[in-house]
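S.K.: Here is a sequence with its predicted model. Questions after.
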Amino acid sequence: MTSIFPLLQPSLQTKIAQYALLAHRAAVLAALPGVPASKGRPTYWATQPPPRLLQAVVRYAGQPDTAKVAKVLLRAWFQKKTGLRAAVHRALEAAGYPVPTLTADLEPSPWHARLAPEDVMQQRTLDVFSPKGQPVPEAAEAGLEEVTLMAHLLGWSVLTAVVGEIPPGVPALNTAANGYRQLLELKTEFHRLAEQMPPDLAERVRQGELPDEMAVYWEDGEADWLRVRQALINMRTVYQRSLEEPEMPETAPLTYTELDRLMACMETTGVGEYLTMRRREAALKLLLRVDGLRHRQQPDFAPLAALRERTAATRAAFAAEWHEFPLDKEELAAFGLTKDRIRELLAQAEVYQLLLHLTDHPEQLAYLDETSEAFRALEAAVPSGVLNALLLRKLEVA
């Protein structure tokens, strides 16, 4: 995952490093690059004064060659910020971004996709996550920078994904990532050429336009410039087709800003489809685990039989309405499956996540908030006898 750590403000970098050293000191020290220790000393870093150690941790976390340090720091911060994680998770879901099921043991996403342009706002050196230009509810105290960092760790970022950091099974996104890299190289070359152009033409290039007049400034001649321009036109056509957008004629003005927008849409759409498919598979597996619940003392516990009737009805709805994942709008229309209905089906299964988690970790019942939204949803979804057995620690998963 491309590290967002170097882009954070120094104050936040320090705060994240301080917490990781306090709560996960051994893991942080193990991630730091090895330094030969003096004879008789266990490790080099373990003997350093706290200020110097903190300074080294922040420095190494910001370097590409030692990015594993940043991973340790961000994982510790991600797991600590449970309230912020829940708020940003809800905001992403409300904005239409598929996200993994929120569980107590959720790990940071190993990859990320770019947020839609309308949900990104510029602030200082780092763009920030701001759904439709609005702050994330319940996260005002955290600040925009921490909200953006949490969204990144949940899989949706203000940064562009790169080749090699794309989820498996989504080859179209590797194409988009390659496109980003090519566009960045071309932008660099265009701006270099702009220094040799008349001011009016140079300004058009800086605004993202690729006028034909640039051909005379291309080092390898007009033929090479026209070849590059045609490649960009082909790229635009490919991405427009993938997004089912109307194709533009080759004579239409060509801008790399337009290509950048198309690829951002492609990335958002493609990862959304991939994640939704993974959530469908996870939901069906979750229902199977619910069917495996049993009472520790009563083999024929009637409320569990009633619960299995409900899970069977949910599986039947999946089988009837969502027997396979539709990959485009035509298939969605053919199945009569809307995005709202997809969310409803997933919610019917994912509501049992808390039930299974508390069955697996009964010690956490002591900290259960019975006024929480998750518990109230579970209370409405399961027979009261099942809930009472859970609270009495009488359930187990076969």
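M.R.: Right, received. Where do you want to start?
S.K.: Hmm, A283 is touching A349, no?
M.R.: Yes - under the criterion of C-beta atoms under 8 Å, A283 makes contact with A349 at 3.6 Å. Glycine gets a C-beta too; all of them are placed from N, C-alpha and C.
S.K.: overlap in contacts of these two?
M.R.: By C-beta atoms under 8 Å, 6 or more residues apart in numbering, A283 and A349 have these common neighbours: F318.
S.K.: how close does Q240 sit to M277?
M.R.: Noted for Q240: a distance of 24 Å to M277, by C-beta to C-beta, to the nearest Å.
S.K.: Please, which helix or strand holds F375?
M.R.: Element membership for F375 (DSSP states H and E) is helix 373-381.
S.K.: Please name every helix or strand in contact with that helix.
M.R.: helix 353-360 (3 or more C-beta pairs under 8 Å, 6 or more residues apart in numbering; DSSP states H and E).
S.K.: Show residues contacting the helix it packs on.
M.R.: Against helix 353-360 from outside (C-beta under 8 Å, 6+ apart): 101-104, 286, 289-290, 293, 364-365, 368, 374-375, 378, 382, 386, 390, 395-397.
S.K.: what does stretch 218-230 give?
M.R.: With contact meaning C-beta under 8 Å, 6+ apart, stretch 218-230 is reached by 186, 193, 210, 212, 214-216, 254.
S.K.: Specify the angle between the helix holding F375 and helix 353-360 in degrees.
M.R.: 100 degrees (axes from the mean of the first three to the mean of the last three C-alpha atoms, to 10 degrees).
S.K.: Give me the distance from helix 373-381 to the chain's centre.
M.R.: 26 Å (C-alpha atoms, centre = their mean, to the nearest Å).
S.K.: can you point me to the longest helix in the chain?
M.R.: helix 256-291 (DSSP state H).
S.K.: Quick check: mean pLDDT of the helix or strand immediately after that one in the chain?
M.R.: For helix 256-291, the following helix or strand on the C-terminal side (DSSP H and E) is strand 293-295. Average pLDDT, strand 293-295: 94.
S.K.: try stretch 372-385
M.R.: 89.
S.K.: same thing with stretch 209-217?
M.R.: Stretch 209-217 carries an average pLDDT of 80.
S.K.: Can you measure across it, start residue to end residue?
M.R.: One end of stretch 209-217 sits 15 Å from the other (C-alpha to C-alpha, to the nearest Å).
S.K.: Now that stretch: buried residues?
M.R.: 209-210, 214, 217 (16 or more other C-beta atoms under 10 Å).
S.K.: and that stretch, how far from the chain's centre?
M.R.: On C-alpha atoms, centre = their mean, the centre of stretch 209-217 falls 38 Å from that of its chain.
S.K.: what does that stretch contact?
M.R.: Under C-beta under 8 Å, 6+ apart, the answer for stretch 209-217 is 190, 193, 196-197, 201, 204-205, 222, 225-226, 229, 232, 253-256.
S.K.: what about 10 Å?
M.R.: 186, 190, 192-198, 200-205, 221-226, 228-229, 232-233, 253-259 (C-beta atoms under 10 Å, 6 or more residues apart in numbering).
S.K.: which of those count as buried?
M.R.: Applying 16+ other C-beta under 10 Å to those flags 186, 190, 193-194, 197, 201-202, 204-205, 225, 228-229, 232-233, 254-256, 258-259 as buried.
S.K.: Show me those that map onto helices.
M.R.: Those of the buried ones among the contacts of stretch 209-217 lying in helices (DSSP H): 186, 190, 193-194, 201-202, 204-205, 225, 228-229, 232-233, 256, 258-259.
S.K.: got the domain boundaries for the chain?
M.R.: 5-155, 171-262, 292-397 (automatic domain parsing).
S.K.: ok, for P131, nearest residue in space, not its chain neighbours?
M.R.: A95 (4.5 Å; C-beta to C-beta, 6 or more residues apart in numbering).
S.K.: surely that neighbour meets P137?
M.R.: No - here A95 does not reach P137: they are 11.4 Å apart, not a contact under C-beta atoms under 10 Å.
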